[in-house]
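>>> give me coordinates for this.
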Amino acid sequence: MGCKLRQEDILIAPNTQLETFGLLMLPENEYQTMVEGLLSRLAETIEDADAARALSVEYMSGILEITLKDDRQYVINMHKPTQQIWMASPVSGASYFVYDPAVKAWRSKKGPLLLDMLEQELAAVAGMKVKLA
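Next up, the predicted model:
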């Protein structure tokens, strides 16, 4: 059984790409700048908060890798075609986040915000208290 979209759920972005869930597509350069800035800040914030050196954090070319001492790994990256942020987590599996301008945050279709989810998971798997949002 499919999901029925209402007219108010569909917007046409200025670049004529169709987007659902009431969210507009960003201009490509704006999306890229926003996500690269976010991932870079996340890498720096997590490294700074990791006093116990329980993590290895690497950011390069739109891909953030966070490796735990037991070699489990988070991979967080931009996905340009869909203008999403994708996260592969050793705790919650794969999640996809879209930018929600109403709350100025990246939100999963399941509901959780990217930064809240990552904070909670890093606290659980690495005993790390870090404020990302």
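
>>> name the residues of the longest helix along the chain that are buried.
For the chain, the helix with the greatest residue count under DSSP state H is helix 28-49. The neighbour-count check on helix 28-49 (16 or more other C-beta atoms under 10 Å) flags Tyr31, Met34, Val35, Leu38, Leu39, Leu42, Ala43, Ile46, Glu47, Ala49 as buried. Using the backbone N, CA and C atoms, a C-beta is placed for each residue, glycine as well.

>>> quick one: mean pLDDT for it?
Averaging pLDDT along helix 28-49 gives 94.

>>> CA atoms only: put it into CSV for me.
The C-alpha atoms that make up helix 28-49 are tabulated as CSV, following Å, rounded to 0.1, in the frame of the first residue of the first chain:
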residue,chain,number,x,y,z
GLU,A,28,23.9,22.5,-5.4
ASN,A,29,26.7,24.7,-4.3
GLU,A,30,24.7,25.8,-1.2
TYR,A,31,24.0,22.1,-0.3
GLN,A,32,27.7,21.2,-0.7
THR,A,33,29.0,24.1,1.3
MET,A,34,26.4,23.5,4.1
VAL,A,35,27.2,19.7,4.4
GLU,A,36,31.0,20.1,4.1
GLY,A,37,31.0,22.7,6.8
LEU,A,38,28.8,20.5,9.0
LEU,A,39,30.9,17.4,8.6
SER,A,40,34.2,19.4,9.1
ARG,A,41,32.8,20.9,12.4
LEU,A,42,31.6,17.5,13.5
ALA,A,43,35.0,16.0,13.0
GLU,A,44,36.7,18.8,14.9
THR,A,45,34.1,18.8,17.8
ILE,A,46,34.3,15.0,18.2
GLU,A,47,38.1,15.0,18.2
ASP,A,48,38.2,17.8,20.8
ALA,A,49,35.7,16.0,23.0
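
>>> for that helix, the distance to its chain's centre please.
In terms of C-alpha atoms, centre = their mean, to the nearest Å, the centre of helix 28-49 is set 10 Å apart from its chain centre.
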